[in-house]
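*Asks:* kindly return the folded structure for what I paste below:
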Amino acid sequence: MSAVMAVVTAEPCVHTLHVPGTFHCERGGVLHDVVLTYSTYGQMSPSGDNVVWILHPLTCNAQPMDWWPEFVGPGKAINADEHFIVCVNSLGSCYGSTGPDSINPATDSPYHTDFPLITLKDVVALHEQVRAHLRIEAIHLGIGGSYGGQQLMEWMCRAPDLFAYACVIGAGARQSPWAVALNETQRMAMESDSTFGSGNEGAGQRGLAAARSLAVMSYRSQRVYNTTQAEANDEVCDGYRASSYQRHIGNKFTRRFSACAYWTLTKAMDSHNVGRGRGSIRNALAAVRTRVLFVALQDDLLFPVDEVRGTADMTPGAQFAVIDSDYGHDSILTHARDISLRIVRFIADSVSREEALA
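*Replies:* Presented below is the predicted three-dimensional model:
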């Protein structure tokens with residue numbers, strides 16, 4: 001690993017970190033010379049007290065201004081004038097970090113389905129490599145939604161004093177059987193495509209399109225579908241708007257994501273359980289010293305409100321809020337401004353309480 005800290009500027013910059021040697025995955029697999037792609041935005045303060053670490057949702061890249069423009073950027077709640085912003089592309093993804101489409105040094109060809117099974121513990125262990133490289137001793141605020149929220153939960157349990165504040169959005173302490181079942185059904189769709197994992201151009205795309213189409217149904221609510229995909233009259237008996245929409249979103253996804261990477265990341269997501277190796281979920285959360293805001297999303301089918309509230313109840317001193325929206329789990333992106341306002345208020349209120357007690 002280079003001992004020189006990456007250069008940071010007032011504009012978003014994308015960096016690559018090479019982690020030499022052998023990385024041992026939790027489930028026994030081995031990776032060599034891992035590559036991590038990450039972005040930075042802003043400048044770290046002399047005291048290092050302005051670091052904001054953003055952990056991306058399942059299929060996003062390491063540039064949050066691309067997918068959270070209402071949250072991150074000039075004039076937004078998280079901005080380069082005030083913060084040093086870091087976001088790392090997850091291990092196993094296809095946006096620059098080592099994943100199934102990377103070259104396997106043992107075969108000199110892409111891993112594809114030979115890529116080892118990874119867990120969120122592995123993903124977070126490599127975030128720690130980036131943190132060490134950037135010489136970050138403490139993180140002022142961690143923010144993660146969905147898969148990113150799961151990473152943040154794991155990281156807080158691994159390093160209970162690392163984050164001063166954290167906001168976990170649409171995620172809990174473990175992946176529920178319901179969410180595992182949804183992901184397994186998506187993987188079954190991918191595996192039913194005979195080209196999946198073959199390495200040929202376009203391999204697995206039909207299965208990936210079907211999987212993504214299914215996934216989006218768990219990200220949205222019935223109310224949104226019934227409103228946005230309703231037919232204009234009662235005479236329609238085929239060629240439904242909802243049908244064409246499902247095909248559109250599935251096919252569109254195949255133009256930006258890899259089938260093997262999607263399979264890998266859904267397996268990593270299913271591994272999420274902060275209680276593993278720590279005695280129990282309650283024991284793991286009891287150790288957290290971060291001031292945490294849990295944000296649940298109304299009509300979230302994937303991580304229901306009660307599930308997120310239950311995790312908040314087990315986390316010492318945690319606050320809990322619900323975003324009122326018809327968009328369910330997708331509110332992480334569609335209601336980014338509302339979430340950002342909650343975070344700003346949460347931190348301001350926390351500071352006020354601390355000053356009153358001082």
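*Asks:* what segments of the stretch 101-250 of the chain are helices?
*Replies:* Under the criterion DSSP state H, counting those that start in this stretch, the stretch 101-250 of the chain contains helices at 120-133, 147-158, 177-191, 205-219, 222-228, 241-254.
*Asks:* low pLDDT regions in the stretch 101-250 of the chain?
*Replies:* For the stretch 101-250 of the chain, applying pLDDT under 70 flags no range at all.
*Asks:* look through this structure and tell me its longest helix.
*Replies:* helix 336-357 (DSSP state H).
*Asks:* contact partners of that one?
*Replies:* 68-71, 76-78, 141, 143, 165, 167, 169, 291, 293, 295, 319, 321, 323, 325, 331-332 (CB atoms under 8 Å, 6 or more residues apart in numbering). Glycine gets a C-beta too; all of them are placed from N, C-alpha and C.
*Asks:* got it, and stretch 323-334?
*Replies:* 57, 67-68, 145-146, 169-170, 218-221, 223-224, 227, 295-303, 335, 338-339, 342.
*Asks:* and with 6 Å instead?
*Replies:* Under the contact criterion CB atoms under 6 Å, 6 or more residues apart in numbering, stretch 323-334 has outside partners 145-146, 169-170, 219-221, 223-224, 297-302, 335, 338.
*Asks:* equivalent analysis for stretch 63-81, please.
*Replies:* Contacts for stretch 63-81 (CB under 6 Å, 6+ apart): 10, 12, 39, 41-42, 52, 54, 60, 87, 336-337, 340, 344.
*Asks:* list the buried residues for it?
*Replies:* Buried residues in stretch 63-81, counted by 16 or more other CB atoms under 10 Å: 63-65, 67-68, 71-73, 76-80.
*Asks:* how far is it from where the chain is centred?
*Replies:* 16 Å (CA atoms, centre = their mean, to the nearest Å).
*Asks:* stretch 333-352 too?
*Replies:* 19 Å.
*Asks:* returning to that earlier point: pick the most buried one from the helices of the stretch 101-250 of the chain.
*Replies:* Among these, helix 147-158 has the highest mean neighbour count (mean count of other CB atoms under 10 Å), at a mean of 27.
*Asks:* alpha carbons of that helix, in PDB - could you do that?
*Replies:* Extracted in PDB, the C-alpha atoms of helix 147-158 (Å, rounded to 0.1, in the frame of the first residue of the first chain):
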ATOM      1  CA  TYR A 147     -26.700  -2.000   1.300                       C
ATOM      2  CA  GLY A 148     -24.700   1.100   2.300                       C
ATOM      3  CA  GLY A 149     -26.600   1.200   5.600                       C
ATOM      4  CA  GLN A 150     -25.700  -2.400   6.200                       C
ATOM      5  CA  GLN A 151     -22.100  -1.700   5.700                       C
ATOM      6  CA  LEU A 152     -22.300   1.200   8.100                       C
ATOM      7  CA  MET A 153     -24.000  -1.000  10.700                       C
ATOM      8  CA  GLU A 154     -21.200  -3.600  10.400                       C
ATOM      9  CA  TRP A 155     -18.500  -0.900  10.500                       C
ATOM     10  CA  MET A 156     -19.900   0.700  13.700                       C
ATOM     11  CA  CYS A 157     -19.900  -2.700  15.400                       C
ATOM     12  CA  ARG A 158     -16.400  -3.400  14.200                       C
END
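*Asks:* need the residues that contact it.
*Replies:* 55-58, 120, 123-124, 142, 144, 166, 168-169, 171, 269, 272, 274, 284, 288, 290.
*Asks:* what's the angle between it and helix 120-133?
*Replies:* 80 degrees (axes from the mean of the first three to the mean of the last three CA atoms, to 10 degrees).
*Asks:* just how off-centre is helix 147-158 within its chain?
*Replies:* In terms of CA atoms, centre = their mean, the centre of helix 147-158 is found 9 Å from the chain centre.
*Asks:* same thing with stretch 61-76?
*Replies:* 14 Å.
*Asks:* what does stretch 114-127 give?
*Replies:* 13 Å.
*Asks:* same check on stretch 102-117?
*Replies:* Worked out by CA atoms, centre = their mean, stretch 102-117 lies 23 Å from the chain centre.
*Asks:* so for the longest helix of the chain, mean pLDDT?
*Replies:* Per-region confidence: helix 336-357 scores 93 on mean pLDDT.
*Asks:* what sits against Ile136?
*Replies:* Val51.
*Asks:* can you read off the backbone torsions of it?
*Replies:* phi -90, psi 120 (degrees, to the nearest 10).
*Asks:* give me the buried entries from the contacts of stretch 323-334.
*Replies:* Among the contacts of stretch 323-334, those classed as buried by 16+ other CB under 10 Å are 145-146, 169-170, 219-221, 224, 297-302, 335, 338.
*Asks:* ok so, going back, nearest to Leu31, of the helices of the stretch 101-250 of the chain?
*Replies:* Closest to Leu31 of these, according to CB to CB: helix 120-133, at 8.7 Å.
*Asks:* identify all contacting residues around the closest one.
*Replies:* Residues contacting helix 120-133 (CB under 6 Å, 6+ apart): 17, 19, 25-26, 36, 38, 88, 90-91, 150-151, 154-155, 158, 268, 271-272.
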